[in-house]
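Enquirer: Provide a 3D model corresponding to the input given below.
(one chain, ligands or ions: 1)
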Amino acid sequence: MSKFPVDKIRNFCIIAHIDHGKSTLADRLLEMTGAIAKTEKNKQVLDKLQVERERGITVKAQTASLFYSHDGQEYLLNLIDTPGHVDFSYEVSRSLSACQGVLLIIDANQGIQAQTVANFYLAFEAQLAIIPVINKIDLKNADPERVESQIEKVFDIPCEECIRVRDGGNMLTVSPCVSPRAPGGSVDDPFKALVFDSNFDHYRGVVANIAVIGGRVKKGDKIVSAHLSKTYEVNELGLLRPEEHATQKLFAGQVGYIIAGMKDVKEAQIGDTLYRHDHPVQALPGFKPAKAMVFAGMYPMDQSEYPALRSAIERLTLNDSSVTVQRDSSLALGAGWRLGFLGLLHMEVFNQRLEQEYNASVIVTSPTVPYKAILSSPKLIKSRRGVQRSMVYIDEQRVMLKYLFPLNEIVVDFYDLLKSMSSGYASFDYENTDYQAADLIRMDILLNGRPVEELTTIVHRERAYSMGKAMCERLKESIPRQMFEIAIQAAIGSKVIARETVKAFRKNVLAKCYGGDITRKMKLLKRQAEGKKKMRRVGNVDVPKDAFISVLKRKEK
Ligand SMILES: Nc1nc2c(ncn2[C@@H]2O[C@H](COP(=O)(O)OP(=O)(O)OP(=O)(O)O)[C@@H](O)[C@H]2O)c(=O)[nH]1
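Expert: Numbers count the residues shown, from 1 in each chain. Coordinates of the predicted model:
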């Protein structure tokens with residue numbers, strides 16, 4: 001029998017606006033329950049990915065099972081730490097499906113922000129118990145009373161239900177079981193589990209994270225995945241503490257991992273239902289697929305790397321199922337894919353993870369948003385800028401505005417711009433509506449007369465000139481001088497609308513090598529060749545691959 005009956009289990013998520021302190025609170029809970037040692041080094045321990053450590057943000061939800069005793073009772077707390085940035089909200093909604101409660105963290109200084117509202121509604125719609133936790137009460141300008149009244153006004157949660165903490169501390173003294181609601185289900189039901197996340201291990205194949213809805217499962221059991229109706233034998237299972245901790249069995253109400261000889265990434269569908277082969281059950285509803293907002297082409301630097309890159313993309317999309325993948329090919333770049341992301345940060349993080357976790361080197365084309373084009377008929381309707389939809393005052397100092405925007409106006413740098421214009425005070429969240437007609441044209445970027453396919457963009461006719469000029473200027477900054485002059489042009493059809501020139505220059509890497517030290521010469525030439533590998537050749541011009549993203553990042557002034 002399980003040491004933890006269902007009523008002694010609490011599965012909960014930590015959700016919040018970016019930087020409001022989710023990972024810090026998760027650290028405190030890990031420390032208080034003895035899962036990690038209390039040292040200065042243990043900071044944001046659930047942010048395991050290199051990209052998370054480097055950027056200081058959570059991009060991937062992480063699970064940790066904690067043992068906690070209170071009043072002589074043993075509890076099993078399964079905590080899922082989630083990302084805060086809007087580009088990773090799909091991680092949040094999937095994580096919520098494994099929980100019955102959430103801790104909604106709110107910064108005592110900043111109060112309710114855009115993702116606080118968005119995440120609250122995700123939890124509310126999933127009918128979870130919501131506990132507001134006001135964090136950072138030690139900050140000089142902290143105003144927990146104001147934040148409590150915001151919470152009462154916007155979310156209709158009474159002030160008395162809010163918990164105030166500092167650095168995520170004292171959570172367990174104030175709210176001993178973390179969440180009031182225990183999971184449903186019973187160990188006597190037939191085995192049924194929801195796959196809410198998975199990743200690919202080079203040696204063990206697919207490792208699926210599951211929430212056991214009913215019954216129990218143990219090593220050696222034959223289980224079926226509802227999606228493919230394929231039978232597997234359970235090789236290993238256990239809890240995440242947060243590292244994998246193998247156990248004999250998993251019981252109803254528990255959250256853990258399972259390895260069952262799935263070798264192909266297509267076998268482990270996120271949202272799938274697992275059940276015992278001799279006891280079929282009705283499949284769970286699964287998840288709504290994420291809706292990609294930003295698309296970009298992805299190609300190997302060298303076509304010989306195509307198979308390796310394909311497998312890297314497949315494995316990484318298993319761990320990030322919000323990315324859509326379609327095969328694509330281009331005359332200039334060969335065979336590749338068209339990938340869909342939830343935003344530009346999501347695209348950058350995916351790219352960085354491919355490089356860091358799979359050692360892949362890729363060319364990414366300029367990001368675009370989906371358009372519907374009616375060819376060879378005039379596009380008559382004028383450009384649409386932001387159209388205000390509603391305005392609600394959260395308190396005397398804060399207002400929530402809803403606007404309708406063309407998607408391409410907001411995905412690239414709107415967030416950064418809004419932040420800097422409002423000195424960091426404004427926050428932003430968006431959701432997709434419908435297609436709208438607009439006066440758009442295709443703009444090409446040419447290098448010495450050759451179009452650079454990756455930089456072709458669709459722009460609003462009124463903004464083509466300033467966009468073209470800005471892109472040429474930024475490309476000039478990014479392309480190193482080469483042995484010949486390089487003309488950078490922006491063109492609409494055959495009409496050139498902007499031009500910049502990179503002057504000729506020769507970098508002789510052997511210039512400082514006197515005499516005949518052949519090994520040193522070879523080393524320098526090799527290093528130069530490796531540098532060139534990171535370049536994409538357009539005609540005779542070498543373009544650093546970072547240039548493709550940096551050219552688009554800041555729009556025209
Ligand atoms: N002064 C103060 N700082 C805090 C407190 N809690 C967290 N912080 C700091 O706030 C910053 C953000 O905290 P994180 O825990 O990384 O925030 P997060 O919500 O996990 O961030 P994302 O996952 O990127 O959305 C860090 O520098 C923390 O040290 C607190 O109670 N007081």
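
Enquirer: Flag every residue of this protein that's near the ligand.
Expert: Those residues of the chain that sit near the ligand, judged by Cβ under 6 Å from any ligand atom, are 16, 18-24, 44, 57-58, 83-84, 135-136, 138-139, 166-168. Bear in mind the C-beta positions are built from the backbone N, C-alpha and C, glycine included.

Enquirer: List buried members of those residues by neighbour count.
Expert: Using 16 or more other Cβ atoms under 10 Å as the burial test, the residues of the chain next to the ligand include 16, 18-24, 44, 57-58, 83-84, 135-136, 166, 168 as buried.

Enquirer: Would you confirm that Arg461 contacts Met443?
Expert: No. Arg461 lies out of contact with Met443 (Cβ atoms under 8 Å); the separation is 9.8 Å.

Enquirer: residue ranges for the strands of the stretch 401-550 of the chain, please.
Expert: In the stretch 401-550 of the chain, the strands defined using DSSP state E, counting those that start in this stretch lie at 440-447, 450-451, 457-460, 486-492, 495-502, 535-538, 541-544.

Enquirer: Could you do the stretch 101-250 of the chain as well?
Expert: Going by DSSP E, counting those that start in this stretch, the stretch 101-250 of the chain shows strands at 101-107, 129-135, 163-164, 192-201, 205-214, 216-218, 222-225, 230-233, 236-240, 244-246, 249-251.

Enquirer: and of the ones you listed, who's closest to Tyr299?
Expert: Checking these against Tyr299 by Cβ to Cβ gives strand 192-201 as the closest, at 22.2 Å.

Enquirer: quick one: that closest one to strand 205-214, angle?
Expert: For strand 192-201 against strand 205-214, the angle by axes from the mean of the first three to the mean of the last three Cα atoms, to 10 degrees is 160 degrees.

Enquirer: what's the distance between strand 192-201 and the middle of its chain?
Expert: Between the mean C-alpha location of strand 192-201 and the chain-wide mean there is a distance of 17 Å, by Cα atoms, centre = their mean, to the nearest Å.

Enquirer: Export only the CA atoms of it, formatted as CSV.
Expert: Extracted in CSV, the C-alpha atoms of strand 192-201 (Å, rounded to 0.1, in the frame of the first residue of the first chain):
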residue,chain,number,x,y,z
LYS,A,192,-5.1,5.5,-15.6
ALA,A,193,-2.4,8.1,-16.0
LEU,A,194,-2.0,11.4,-17.9
VAL,A,195,1.2,12.1,-19.7
PHE,A,196,1.7,15.8,-19.0
ASP,A,197,5.4,16.2,-20.1
SER,A,198,8.1,14.1,-21.6
ASN,A,199,11.7,14.2,-22.7
PHE,A,200,14.2,12.1,-24.6
ASP,A,201,17.1,10.4,-22.9
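
Enquirer: Ranking helices and strands of this protein by mean pLDDT, which lands last?
Expert: Sorting the helices and strands of the chain by mean pLDDT, DSSP states H and E puts helix 518-533 at the bottom, at a mean of 59.

Enquirer: which residues touch the most centrally placed residue in the chain?
Expert: Among the residues of the chain, the smallest C-alpha distance to the mean C-alpha position (Cα atoms, centre = their mean) belongs to Phe88, namely 3.8 Å. With contact set as Cβ atoms under 8 Å, 6 or more residues apart in numbering, Phe88 has these partners: 58-60, 82, 322, 342, 346.
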